[in-house]
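*Asks:* Quick one: sequence and predicted model below, then my questions.
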Amino acid sequence: MSLESATRERIESLLKDHRVVLFMKGTRQQPMCGFSAAATNTLNELLPDYHTVNVLEDSEIREGIKVFGNWPTIPQLYVDGELIGGADIIRQMYGSGELHQLFGATPPDRTPPEITITDKAAESIRQGTANAQGMALHLEIGPDHSAGFQLAPGSEHDIVVVANGIEVHFDPASAQRAKGIVIDWVSTMQGEGLSLKFPGAVELKSMSVHELKQRLAKGDLTLIDVRPAQGRMMAAPLAQARVLEDEGYAALAALPKDTTLAFICHHGISSRSAAERFIAHGFTNVYSVDGGMDAWAAEIDSSVPRY
């Protein structure tokens, strides 16, 4: 496939005007695919500012950049006009310190964190990874303390910690955020799973829809709707609710830490994950609404659609 001269000139102009350019799906503030999110999460650790190009809004650039650098996938990172690579290469260079060197940043602190894994969590991890030969357990913790486990091959640049007989791999940034964490296995009304508790974090509390109705009438809490746009189209947010997707984590995390926060989703599952991220940010009075909007429709307001 050949590259039209007009498209080539547009790409070359972008690379000339900006030292660091990430061609991605979505924007830095709202990535639209997991690989683009991984790339921005890594770059955000090192760069206060860089230029992004949303290829979803420009089909010519989307296809043209693949031909320009002979690289078939998105995202693609360019520095000083040179192709660095995609999300995997960006992460590898971050882990090795090469990305720090490229941007003139301080080399990463590679001190292994002290972590605790409870007996229940350790047993569950052993059972879950029994057939994962050749794979390592990775824990990634983002700047907003969102966390995720995954099984993937280990790298020589991983920071490795062994706790309660379990080997956990970290990238440098996640390792620093993991200091003092407790990994436990918990059971809630939403199910069972691994849970991370950060040092000094308070407990997440539950709130019924009846209590929510009373608290909204008093006006003594901030309600945050964490549902995606599709869910909000099916059933509009409550009048007093602030929408996480619209305002973003950073804006809401800037609220005073003693603000009473209540999180609501469709059924009361994803609201817990969002609430725990705000607890990790230092908020001290945080609730998840049991049953979510579905419970509100069933028990409080039958005019709200159930979906």
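*Replies:* Received it, and whenever you're ready, just let me know what you need.
*Asks:* Show me where the stretch 1-150 of the chain dips below the pLDDT cut-off.
*Replies:* For the stretch 1-150 of the chain, applying pLDDT under 70 flags the ranges 1.
*Asks:* Go again with 80.
*Replies:* 1-2, 143-146 (pLDDT under 80).
*Asks:* Compute the distance between Gly34 and Thr73, please.
*Replies:* 12 Å (C-beta to C-beta, to the nearest Å). C-beta here means a position set from N, CA and C on the backbone, and glycine is covered the same way.
*Asks:* same question, Glu45
*Replies:* From Glu45 to Thr73 the distance is 22 Å (C-beta to C-beta).
*Asks:* try Cys33
*Replies:* Cys33 is 10 Å from Thr73, by C-beta to C-beta.
*Asks:* who's more crowded, those two?
*Replies:* Between Cys33 and Thr73, Cys33 has the larger neighbour count (other C-beta atoms under 10 Å), namely 15 against 11.
*Asks:* got the phi/psi numbers for the closest residue to Asp158 other than its chain neighbours?
*Replies:* Spatial nearest neighbour of Asp158, chain neighbours left out: His169 (4.1 Å); criterion: C-beta to C-beta, 6 or more residues apart in numbering. For His169, the backbone dihedrals (degrees, to the nearest 10) come out as phi -100, psi 140.
*Asks:* what bridges to His169?
*Replies:* Counting by DSSP bridges, His169 is bridged to His138, Val160.
*Asks:* I figured it was touching Glu156, is that so?
*Replies:* No. Using C-beta atoms under 8 Å, His169 is not in contact with Glu156; the gap is 10.9 Å.
*Asks:* Now do the contacts for the spatially most central residue of the chain.
*Replies:* Closest to where the C-alpha atoms of the chain average out (C-alpha atoms, centre = their mean) is Ser146, at 5.2 Å. Applying C-beta atoms under 8 Å, 6 or more residues apart in numbering, we find Ser146 in contact with 273, 277.
*Asks:* and with 7 Å instead?
*Replies:* Taking C-beta atoms under 7 Å, 6 or more residues apart in numbering as the contact definition, Ser146 lies against Arg277.
*Asks:* Check the gap between it and Pro153 for me.
*Replies:* 23 Å.
*Asks:* Would you list the phi and psi of Val286?
*Replies:* Dihedral angles (degrees, to the nearest 10) for Val286: phi -130, psi 130.
*Asks:* bridging residues for it?
*Replies:* Leu261.
*Asks:* so it touches Leu204, yeah?
*Replies:* Yes. Between Val286 and Leu204 a contact is recorded at 5.8 Å, counting by C-beta atoms under 7 Å.
*Asks:* and for those two, which residues touch both?
*Replies:* 275, 279.
*Asks:* which of these two has more neighbours?
*Replies:* Relative neighbour count places Val286 above the other of Val286 and Leu204, with 25 against 18, counting by other C-beta under 10 Å.
*Asks:* Please name the residues that touch that one.
*Replies:* So Val286 contacts 204-205, 261, 275, 278-279 (C-beta under 7 Å, 6+ apart).
*Asks:* where's it relative to Ala275, distance?
*Replies:* In terms of C-beta to C-beta, Val286 sits 5 Å off from Ala275.
*Asks:* Tell me the residues that contact both of those two, please.
*Replies:* Residues within reach of Val286 and of Ala275 at once, by C-beta under 7 Å, 6+ apart, are Leu204.
*Asks:* How much space separates Glu82 from Gly104?
*Replies:* For Glu82, the distance to Gly104 - C-beta to C-beta - is 16 Å.
*Asks:* how many other residues sit next to the spatially closest residue to Val53 that is not a sequence neighbour?
*Replies:* Nearest non-adjacent residue to Val53, counting by C-beta to C-beta, 6+ apart: Phe23, 4.8 Å away. By the criterion of other C-beta under 10 Å, Phe23 has 29 neighbours.
*Asks:* tell me which element Thr111 is part of?
*Replies:* For Thr111, there is no enclosing helix or strand under DSSP states H and E.
*Asks:* Distance-wise, check it relative to Pro305.
*Replies:* 52 Å.
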